[in-house]
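*Asks:* give me a 3D structure for the following:
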Amino acid sequence: MAKYLLIAAVVISLVTAGLGFVNHGKLADALATSEQTQATLGTTQKNLATAQTELKTTKASLEAADADKTKLAADLSAAQGDASKAKSDLDAATKDSADKATQIAALQKQIDDATKNPAGNSSDGSSLQATIENLNTRIQEQDAQISSLSEKNKADAAALASYKEKEEQRTKSIMQPGLEGRVLAVNPAWNFVVLSIGDKQGAVNNAEMLLKRGGQYLGKVRITSVEPSTSIADIVANTLPAGVAVQPGDSVIFQAQE
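*Replies:* Okay, the predicted model is just below:
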């Protein structure tokens, strides 16, 4: 009987030890899982803080760009108004000068007629000559005004052309929302990718694009060099989840910040 009790006690001890070992292993696995979860949470929080900082910077840049756009639009409108007024003044001065020239021609004809008819009143000829001289003086003044207005018109036209060129350059420097491309190649050593979109498709320097694979967003890239049909972009640090790497064939899309 004692022998059986001893055997039973040994068996129970072995079972208890086995259960303890199993429970110890489970506890170690649980601790490892908890540590991994904490590390992932820390990385996620860090990525979130970085994204929030980048969002604030992007919003500030967009606000500055909107202010520049508003000022440029106002300057362009003012330049168009000045150019229109200068052209209107020039047209009016030119017409006035032409009218005076017509009057001088008519008066000169009267003088010629009076000269051919000595029986006429010579005082009329003197009066007409004085009128002609007065008109000639006014025409000279008008010509000087026309010259000044012409110079101003040229200056306003040049300013208008300059503002239009600036507006075109500003428009070209804005990436259109929804522009999509794909990753052609990846250089993990230097942390950059080659994209399938370039200047012809509307890609611009410093624009940030979202990386995605299928329907899942992975991170961000920032364009650093634009060629006619391709672009080079840096992978934005700390935007990729741990263990995820960019691959050829991944998609990129530009979405304007709200």
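*Asks:* can you tell me the SS state at Leu210?
*Replies:* Following DSSP: H, G, I helix; E, B strand; the rest coil, we place Leu210 in the strand state.
*Asks:* from Val186, how far out is it?
*Replies:* 16 Å (Cβ to Cβ, to the nearest Å). All C-beta spots, glycine's among them, are computed from the backbone N, C-alpha and C.
*Asks:* same thing with Thr33?
*Replies:* Taking Cβ to Cβ, one finds Thr33 at 31 Å from Val186.
*Asks:* quick one: the helices in the stretch 101-250 of the chain?
*Replies:* Under the criterion DSSP state H, counting those that start in this stretch, the stretch 101-250 of the chain contains helices at 122-172.
*Asks:* flag the shaky bits of it, pLDDT-wise.
*Replies:* Applying pLDDT under 70 to the stretch 101-250 of the chain picks out residues 110-125, 128, 163-173.
*Asks:* test my guess that Met175 contacts Phe254.
*Replies:* Yes - if you go by Cβ atoms under 8 Å, Met175 and Phe254 touch, sitting 5.0 Å apart.
*Asks:* intersection of neighbour lists for the two?
*Replies:* Common contacts of Met175 and Phe254, defined by Cβ atoms under 8 Å, 6 or more residues apart in numbering, comprise Ala207.
*Asks:* show me the beta-bridge partners of Ser251.
*Replies:* With DSSP bridges as the criterion, Ser251 is bridged to Arg182, Lys212.
*Asks:* contact partners for it?
*Replies:* Here Ser251 is in contact with Glu180, Gly181, Arg182, Val183, Leu211, Lys212, Arg213 (Cβ under 8 Å, 6+ apart).
*Asks:* the last one against Val252, yeah?
*Replies:* No - taking contacts as Cβ under 8 Å, Arg213 lies outside contact range of Val252: 10.7 Å.
*Asks:* neighbours of the spatially closest residue to Ala245 that is not a sequence neighbour, how many?
*Replies:* Excluding the flanking residues, the one nearest Ala245 by Cβ to Cβ, 6 or more residues apart in numbering is Pro188, at 6.7 Å. Pro188 has 10 neighbouring residues, counting by other Cβ atoms under 10 Å.
*Asks:* got the phi and psi for Pro188?
*Replies:* Pro188 adopts backbone torsions of phi -70, psi -30, taken as degrees, to the nearest 10.
*Asks:* I'd say it and Pro248 touch.
*Replies:* No - when contacts are counted by Cβ under 8 Å, Pro188 is not listed as touching Pro248 (11.7 Å).
*Asks:* re earlier: buried subset of the contacts of Ser251, written for ChimeraX?
*Replies:* Buried subset of these, written as a ChimeraX selection, criterion 16 or more other Cβ atoms under 10 Å:
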select :181,183,211
